[in-house]
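# I would like to see how this sequence folds:
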Amino acid sequence: RGTCGCEGSVRGAMAESEHHGEHADALKERVEVIIKQMGVKDYEPRVINQIVEFVLLHTRSVLGTAGEYAIHAGRSPEQITEADITVALGKVQGPQIDPLGLMEPISPSGFPSKPNFELLQTIGKSLNAVPLPELTKKAGLSLPMEDKCLTAQNYEIPDATD
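Sure thing, here's the model as predicted:
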């Protein structure tokens, strides 16, 4: 069902935004104000529609998940609390899977949280510890050794006698 109680359609959030014209128009105006406040002067008009569609889909997803948490707590889906929304957004972190605490969990909505600085440092150190291959000392382009270069012949031509 749509947010106003009507049946949703397969066409998605934009169909719903077209159906609920005044709500979508108000949301489009707010998105345009935000874009202008960010200093963006030149953009395609379709960008506004894409942002509105994303906002509607994400909001519907979060409210649906929060409604499921409300049902689990013994309330109806219409009795969503702030705690339900907080859990649905993934702000309450559950048990950590990574014992070192390097990995940030992905929220139930599917959005990964910001990259963990320590994890990025660990990955960078391990990648930078591997030395680069030596370059050839011949004239021309400086390429890695022939066995490490992707320009080597990777096929065989059969003999005419075979």
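
# in stretch 37-55, what counts as buried?
In terms of neighbour count (16 or more other CB atoms under 10 Å), stretch 37-55 has its buried residues at 48-49, 51-53. C-beta: built from backbone N, CA, C; applies to glycine.

# output the longest helix belonging to the protein.
Using DSSP state H to define each element, the chain has its longest helix at helix 45-72.

# what's it packed up against?
helix 13-19, helix 21-37, helix 82-89 (3 or more CB pairs under 8 Å, 6 or more residues apart in numbering; DSSP states H and E).

# just send those back as TSV, with distance to Ser142 too.
TSV is the format used below for the helices and strands packed on helix 45-72 (distance: least, CB to CB, whole Å):
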stretch	distance to Ser142
helix 13-19	52
helix 21-37	45
helix 82-89	50
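
# quick one: closest of these to Leu127.
Taking CB to CB, helix 82-89 is the member of these nearest to Leu127, at 32.7 Å.

# other SSEs contacting that closest one?
So helix 82-89, by 3+ CB pairs under 8 Å, 6+ apart, packs with helix 45-72.

# tell me the mean pLDDT over the helix it packs on?
Average pLDDT, helix 45-72: 88.

# point out where the protein drops to low pLDDT.
1-21, 91-114, 135-136, 152, 162 (pLDDT under 70).

# still on that earlier bit, out of the helices and strands packed on helix 45-72, which comes closest to Tyr155?
Once the helices and strands packed on helix 45-72 are compared by CB to CB, helix 13-19 is nearest, at 48.4 Å.
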